[in-house]
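A.B. asks: After the sequence you'll find the predicted model.
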Amino acid sequence: MHIAIVGSGYVGLVAGACFADMGHQVILVDNDQQKLAALNSGQVPIHEKFLPELLERHRGRSLTFSDDLRAAVEASAAVFIAVGTPPTEQGHADLSYVESVARIIPSAINGYKVVVEKSTVPVYTSEWIRKIILRNAAPPDSFDVASNPEFLREGTAVTDFLYPDRIVVGADNERCAAVLRTIYAPLTGGSYYKRPDAIPGPDQAQIPPPLIITSTKSAELIKHACNAFLAMKISFINAVASVCESVGANVQQVCQGIGTDSRIGPRFLNPGIGYGGSCFPKDLMAFRAVARECGYEFRLLDEVIRINEDQRQRFLRKVHNALWTLRGKRLGVLGLAFKGGTDDIRESPAVLLVQTLLQEGCKVAAYDPAAQERAKEVLNSSIEYASDAYEAARGADALLILTEWDEFASLDLDRLHRELKYSIVIDGRNLYDPDSMAAHGFTYYSVGRPAAMPESVPVEAVVPPRKASHS
Ligand code: UDX
Ligand code: UDX
C-alpha cells in the first residue's frame, strides 16, 4: 500500500517507520526543512528504542521524506494526518495545522483516497476535515475520512505500534474500512510476527492484535476517553497516596492490594509527581473543552487535573520539610524528561519542579540520560548539567529523583552516600525501598510511604513540625 504521513513528530515518524517495516511504501511529509534535512542525512531526531534500526532499514527505500504534500497525496491511497494539535489558551485543541493539510489534499486527489486522522483530535474533527475537502472542490465520492487513533507511549513507541493491545479504526463505510484493514493486515493477520527480522515484542503481547471497527466519532472519542481514563487512574492513586501519607499507610501495599483485582489491574497505578508529556495534559483539557461545547460539564476531569497539579506542590512541601529553607541550597536532580525512556521534556513535571526550585533560590545540578540537550533549550545555563547521577549528587544538600529512568533505580547506594553532602534523598518516583535506603544511611522521603531514616537521625530532624508557608 502507498501511504503518505503528514507530520514527522513522535507519532508520524514512528508510524511511518513501522508502516515501512510492515511492507508499505511510505512518504513522510513535513514542512520543517531542518527536520527533513536531518532525517535525510541519517539522523534520528528522537530517542526511541528500535527507531534507529527501522530508519536505517528503510530510509531512502520504502521510507522517504519530503516537503511536497501534493505529490505525496497523489502517490498514496491513504493520507495519515499526524501534525501537532497543541492547546490554545482556552484549552481547546488548535486544529489549524490539521485544517491547513486538509485544504491542500483536494488539489492532489487523482483517485479514491482515505484521509486518516492519526493526531489526537476532538470528536467532530472528521466532519470538519470532510467539509474542508469538499469546500475545496473534491468530488464527494473521491475520498473518505477515517479516524485511527494512536495509543503509543513515548519510550516504547515502536513496540507499542507493532504490538498494540488493539487497533481502532473509525470508518463510516466499508470501502474506507477496507483500506485500513489492508494497511494493518500484516499485524492483524499475524504475518509480520512470523518474520525473522520482526522487531521483538514485549512478553505479554497480544498476537495478533484485534481490530476494532467503529464509527469515526466513536474512534475520536475512544482516544480522548482512553487518555482521560489513564490520567484519572494516576490522579486517583496520587490522591490515595496523599491519604496514605496522612495516616502512615504505605501506598505500595495499597496498590498491590487493589492492582491484583483484575477489574482494576496494576498498570498506571504508580504514584509520583504527577503526569506530564505532550498528551495527557493537553488531551484532558481538550476533552473537557469539547464536552463542554457539546453541553456536558465533565467536572471529573477538573478534579483529575487539579490533583495532578497539587501533586507537584506536595512534592515541593517535602523538599521544604526535608531541608527547611531553600535559598542557596544545592540540589542534585535525577531526571528531566517527563518520564523514563524518552528525551521529551514537554510538560515535564521534573522541569516544572526545577524551575520552581530555581525561583526559590536553589542551585541545581541535574542529570538525565537522554533529555539534557532538550532541557537546555528551556533551562539554558540556569542549572549545571552533570554527566552522571553521582556527579549530580556531588556535594548536594539533597538528591531529588524526578523521572522513573530504570538506571536511577539501580544506583550504587554506598557511592551515592559518599557523594552527597547530606545523605537525604527525596524520591518523587518511589524507585527505592525505604527500609533499604535507611539501612544504607539515607534519610529517605517518597510518595505515599512513611519517611525512612537511619537510626542515628532524630525523628524531629526528618519531619519538622510546621508546614511550608508556600503550600
Ligand atoms: C502527535 C499528535 O499530533 C498529537 O495530536 C498527539 O496528541 C500526540 O502526537 P507529535 O507527533 O508529538 O504529536 O507532534 P510533533 O512532535 O509536534 O510533530 C508534528 C510534526 O508535524 C512536526 O514535525 C511539524 O513540523 C509537522 N507539521 C506541523 C507539518 O508538517 N505541517 C504542519 O502544518 C504542521
Ligand atoms: C500517553 C498514553 O499512555 C498513550 O497511550 C498515548 O498515545 C499518548 O499519551 P505517554 O505520554 O508517552 O503516553 O506516556 P505515559 O507512559 O502514558 O506516561 C504519561 C505520564 O504519566 C508520565 O509523566 C508518567 O511519568 C506518568 N505516569 C504514568 C505516572 O505518574 N504513573 C503511572 O503509573 C504511569
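C.D. replies: Yep, it's here. Ligands and ions are numbered 1, 2, ... in the order given.
A.B. asks: Get me the contact residues on the stretch 201-350 of the chain for ligand 2.
C.D. replies: Applying C-beta under 6 Å from any ligand atom, we find that the stretch 201-350 of the chain lies next to ligand 2 at 227, 230, 234, 268-270, 272, 275-277, 279-280, 338-339. From N, CA and C alone the C-beta is placed, and that goes for glycine too.
A.B. asks: one more time with 8 Å
C.D. replies: The stretch 201-350 of the chain comes close to ligand 2 at residues 223, 226-227, 230-231, 233-234, 237-238, 267-280, 283, 338-340, 342, 344, 348-349, as judged by C-beta under 8 Å from any ligand atom.
A.B. asks: Name the single longest helix found in this structure.
C.D. replies: Longest helix of the chain, by residue count under DSSP state H: helix 216-247.
A.B. asks: coming back round to it: quick one: which of the residues of the stretch 201-350 of the chain next to ligand 2 sit in strands?
C.D. replies: For those, not one is inside strands, with DSSP state E as the criterion.
A.B. asks: Filtering those by proximity to ligand 1, which remain?
C.D. replies: Applying C-beta under 8 Å from any ligand atom to those, those adjacent to ligand 1 are 278-279, 283, 344.
A.B. asks: Output those as JSON lines; include the columns neighbour count and pLDDT.
C.D. replies: Below are these laid out as JSON lines (neighbours: other C-beta atoms under 10 Å; pLDDT from 0 to 100):
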{"residue": "278", "neighbour count": "21", "pLDDT": "92"}
{"residue": "279", "neighbour count": "24", "pLDDT": "94"}
{"residue": "283", "neighbour count": "25", "pLDDT": "95"}
{"residue": "344", "neighbour count": "22", "pLDDT": "94"}
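A.B. asks: among the residues you listed, which two are most distant?
C.D. replies: 283 and 344 (15.1 Å; C-beta to C-beta).
A.B. asks: Please work out the residue of the stretch 1-150 of the chain nearest to ligand 1 and name it.
C.D. replies: residue 9 (1.9 Å; C-beta to the nearest ligand atom).
A.B. asks: got a list of what that residue touches?
C.D. replies: 82-84 (C-beta atoms under 8 Å, 6 or more residues apart in numbering).
A.B. asks: Next: residue 299.
C.D. replies: Applying C-beta under 8 Å, 6+ apart, no residues contact residue 299.
A.B. asks: re the thing from before, helices - which of the residues of the stretch 201-350 of the chain next to ligand 2 land there?
C.D. replies: Per DSSP H, those map to helices at 223, 226-227, 230-231, 233-234, 237-238, 280, 283, 349.
A.B. asks: ok, the nearest residue in space to residue 422 that is not next to it in sequence - how many residues close by?
C.D. replies: The shortest distance from residue 422 to any non-neighbouring residue, by C-beta to C-beta, 6 or more residues apart in numbering, is to residue 397 (5.3 Å). Residue 397 has 19 neighbours, counted by other C-beta atoms under 10 Å.
A.B. asks: what residue ranges in the protein score low on pLDDT?
C.D. replies: Counting by pLDDT under 70, the ranges of the chain that qualify are 456-471.
A.B. asks: Can you pull the domain assignment for it?
C.D. replies: 2-214, 223-307, 312-468 (automatic domain parsing).
A.B. asks: can you put the contacts of residue 9 in JSON lines and add neighbour count and distance to ligand 2?
C.D. replies: Formatted as JSON lines, those follow (neighbours: other C-beta atoms under 10 Å; distance: C-beta to the nearest ligand atom, whole Å):
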{"residue": "82", "neighbour count": "28", "distance to ligand 2": "12"}
{"residue": "83", "neighbour count": "24", "distance to ligand 2": "16"}
{"residue": "84", "neighbour count": "17", "distance to ligand 2": "13"}
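A.B. asks: picking up where we left off before, now for the residue nearest to residue 422: which residues touch it?
C.D. replies: Residue 397 neighbours (C-beta under 8 Å, 6+ apart): 323, 329-331, 421-422, 424.
A.B. asks: what does the stretch 251-400 of the chain put close to ligand 1?
C.D. replies: Taking C-beta under 8 Å from any ligand atom as the measure of proximity, the stretch 251-400 of the chain contacts ligand 1 at 278-279, 282-283, 344, 346.
A.B. asks: Quick check: buried residues in the strand or helix carrying residue 256?
C.D. replies: Element membership for residue 256 (DSSP states H and E) is helix 251-259. In terms of neighbour count (16 or more other C-beta atoms under 10 Å), helix 251-259 has its buried residues at 251-252, 254-255, 258-259.
A.B. asks: Specify which member of those is nearest to residue 416.
C.D. replies: residue 252 (21.4 Å).
A.B. asks: how close does residue 330 sit to residue 361?
C.D. replies: 11 Å (C-beta to C-beta, to the nearest Å).
A.B. asks: higher neighbour count, those two?
C.D. replies: residue 330 (17 against 11).
A.B. asks: For the more buried one, give me phi and psi.
C.D. replies: phi -100, psi 130 (degrees, to the nearest 10).
A.B. asks: Need the CA coordinates for the host helix or strand of residue 27. CSV is fine.
C.D. replies: Element membership for residue 27 (DSSP H and E) is strand 25-29. Listed next in CSV are the C-alpha coordinates belonging to strand 25-29 (Å, rounded to 0.1, in the frame of the first residue of the first chain):
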residue,chain,number,x,y,z
GLN,A,25,5.7,2.3,0.7
VAL,A,26,5.7,5.4,2.9
ILE,A,27,6.3,9.1,2.1
LEU,A,28,6.7,11.1,5.3
VAL,A,29,5.8,14.8,4.7
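A.B. asks: other SSEs contacting that strand?
C.D. replies: Strand 25-29 is packed against strand 2-6, helix 10-21, strand 63-66, helix 69-74, with contacts defined by 3 or more C-beta pairs under 8 Å, 6 or more residues apart in numbering; DSSP states H and E.
A.B. asks: Is the third one positioned near ligand 1?
C.D. replies: No: counting by C-beta under 8 Å from any ligand atom, no contacts exist between strand 63-66 and ligand 1, the nearest distance being 10.4 Å.
A.B. asks: Give me the buried positions along that strand.
C.D. replies: Neighbour-count burial for strand 63-66 flags 63-65 (criterion: 16+ other C-beta under 10 Å).
A.B. asks: do the same with the last one
C.D. replies: When neighbours are counted by 16+ other C-beta under 10 Å, the buried residues of helix 69-74 are found to be 69, 72-74.
A.B. asks: elements contacting whichever helix or strand comes after that helix?
C.D. replies: Tracing the chain past helix 69-74, the next element assigned as helix or strand by DSSP H and E is strand 78-81. Counting contacts by 3+ C-beta pairs under 8 Å, 6+ apart, strand 78-81 is packed against strand 2-6, helix 96-104, strand 113-117, helix 174-188.
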